[in-house]
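Undergrad: can you look at this prediction? I've put the sequence above it.
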Amino acid sequence: MQIREATRADRARILAFLKAEDPEDYVISWIGRFLAAGRFVLLLDGRKVAGIVHGRLAPDGSAWLSAARVRPDYRGQGWVNRLNDFALSTPGLRSARAARMLITHENTSSRRAAAKGGFTQATALSFMEWEQPVSRKAPAGARSGFARVSPRDFLESARGSTLLARQNGFAYMSFNGAFTLDERSARAARPWLWLSPASGPVMACMFPDTGERWMAIQAFRSNSTVASGLIDFARARRAESITVILPAAESARRPFARAGYTASEWAKRVLIYDKKVRPNYTRGLTASRGAAARRTRRR
Ligand SMILES: CC(C)(COP(=O)(O)OP(=O)(O)OC[C@H]1O[C@@H](n2cnc3c(N)ncnc32)[C@H](O)[C@@H]1OP(=O)(O)O)[C@@H](O)C(=O)NCCC(=O)NCCS
């Protein structure tokens, strides 16, 4: 068995692995985005791909690990944590002082693996979705009230957000990961920063390279004004659908449900796991070759 970083030349074998496991896997349609930002790490059995994970830096400089997949006949042998360790030791992620990942509440295998890898649950989030075909445009001249804002003014307006406090200080942006909000991450997230006098601050990202008119929004307040204001914002930006990131609490979801949003099927309750890592972590590199951990019991 071998673990190594993927190169662009591995694109086809990564896609073949993903399609064989689950043709509906979202990573397939986002492969270009995954390859452009961060790197995949591969678990290889000879020439066969037996597992993958993707690592990238989040806006606060932490490592964001996602797209962990291990072929069923290799599961239960600790490979995902070896993949994660290897990813954290690669040049792109070596500077990170924390590693984080998102796991759905129901994914007990992944949660077990996270616990064994030294991760602990940092916060629980819930996503709400809204959708409307773009042909039903906002009326001419409609204004959402949202305007772009500087990192400094954004931080000022987000300070004291009870919603952020309920997320234990972690903001989340699809694909980019969970991150603490500070000067560094606000600067890195500059294109996402918006402020409205009525609705306050939000982080919003449109992902134009995916070809979808879909907007991911990290809210900082939850009330009826924000819930309907974000629909106006989406329509003004000609978005067809929105995913709003909220703390996993009924009280945070309620104003959005009343405004016509529905709870995300896969992300009604998603957990952010976190662990501290030493910068210049090298354990993974020394573990790049070797036998699987001995199985101590039947699954
Ligand atoms: C989640 C996943 C990456 C874990 O990889 P792994 O290398 O098998 O992880 P581990 O060996 O640490 O096993 C973790 C847990 O999986 C469960 N498990 C063990 N063997 C298993 C098997 N054959 N099939 C399913 N789950 C199994 C066990 O609960 C195990 O914990 P335990 O050893 O304490 O009992 C893998 O199960 C997978 O690819 N799942 C489908 C994709 C997915 O859910 N990815 C994660 C997205 S966040």
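TA: That came in fine, so what should we check first?
Undergrad: would you mind listing what in the chain touches the ligand?
TA: Near the ligand, the residues belonging to the chain are 68-70, 72, 75-81, 103, 107, 109-110, 112-113, 116, 299 when assessed by Cβ under 6 Å from any ligand atom. (C-beta placed from N, C-alpha, C; glycine too.)
Undergrad: list the neighbouring strands of the helix or strand hosting residue 203 plus their orientation.
TA: Per DSSP states H and E, residue 203 falls inside strand 200-205. If you go by DSSP bridges, strand 200-205 pairs up with strand 193-196 (antiparallel), strand 214-219 (antiparallel).
Undergrad: ok so, going back, quick one, which of the residues of the chain next to the ligand are buried?
TA: Buried members of the residues of the chain next to the ligand, counted by 16 or more other Cβ atoms under 10 Å: 68-70, 76-81, 103, 110, 113.
Undergrad: average pLDDT for the strand holding residue 203?
TA: If you average the pLDDT over strand 200-205, you get 97.
Undergrad: and if you look at stretch 126-141?
TA: Stretch 126-141 comes out at a mean pLDDT of 75.
Undergrad: again, but for stretch 38-48
TA: Here the average pLDDT along stretch 38-48 is 97.
Undergrad: all helices for the stretch 51-200 of the chain, in order.
TA: Under the criterion DSSP state H, counting those that start in this stretch, helices of the stretch 51-200 of the chain are mapped to 79-89, 108-116, 151-158, 162-166, 183-188.
Undergrad: out of the ones you listed, which one sits most buried?
TA: Here the criterion is mean neighbour count by mean count of other Cβ atoms under 10 Å, and of the helices of the stretch 51-200 of the chain the winner is helix 79-89, at a mean of 24.
Undergrad: quick check, pLDDT for the residue in the stretch 1-150 of the chain that the ligand sits nearest to.
TA: Minimum separation of the stretch 1-150 of the chain from the ligand (Cβ to the nearest ligand atom) falls at residue 76, amounting to 2.5 Å. Listed pLDDT for residue 76 reads 98.
Undergrad: next one: the one 3 residues further on
TA: You'll see residue 79 listed with a pLDDT of 98.
Undergrad: contact partners for it?
TA: By Cβ atoms under 8 Å, 6 or more residues apart in numbering, the contact set of residue 79 is 43, 50-51, 70, 292.
Undergrad: if we can go back for a sec, and the buried ones among the residues of the chain next to the ligand, which two are furthest apart?
TA: Comparing every pair within these by Cβ to Cβ identifies 77 and 103 as the most remote, at 19.0 Å.
Undergrad: closest one to residue 224 out of the buried ones among the residues of the chain next to the ligand, please.
TA: Looking across these and measuring by Cβ to Cβ, the closest to residue 224 is residue 103, at 31.2 Å.
Undergrad: list the contacts of the closest one.
TA: So residue 103 contacts 110-111, 114, 270-271, 273 (Cβ under 8 Å, 6+ apart).
Undergrad: tell me the bridge partners for it.
TA: In beta-bridge terms (that is, DSSP bridges), residue 103 pairs with residue 271.
Undergrad: now do it against residue 27, distance only.
TA: From residue 103 across to residue 27, the span is 15 Å (Cβ to Cβ, to the nearest Å).
Undergrad: and what of residue 108?
TA: The value you get for residue 108 to residue 27, if Cβ to Cβ is used, is 21 Å.
Undergrad: with residue 163 instead?
TA: 29 Å.
Undergrad: can you list the domains in this protein?
TA: 2-96, 125-269 (automatic domain parsing).
Undergrad: give me the below-cutoff pLDDT ranges for this protein.
TA: By pLDDT under 70, the weakly predicted segments of the chain are 134-142, 281-299.
Undergrad: mind running it again at 50?
TA: Counting by pLDDT under 50, the ranges of the chain that qualify are 287, 289-299.
Undergrad: adjacent strands (with direction) for the biggest strand by length in it?
TA: Criterion DSSP state E: the longest strand present in the chain is strand 120-131. The pairing partners recorded for strand 120-131 under DSSP bridges are strand 241-247 (antiparallel), strand 262-263 (antiparallel), strand 270-276 (antiparallel).
Undergrad: now do the buried residues in that strand.
TA: 122-130.
Undergrad: stretch 12-29 too?
TA: Buried residues in stretch 12-29 (16+ other Cβ under 10 Å): 13-14, 17-18, 21, 25, 27.
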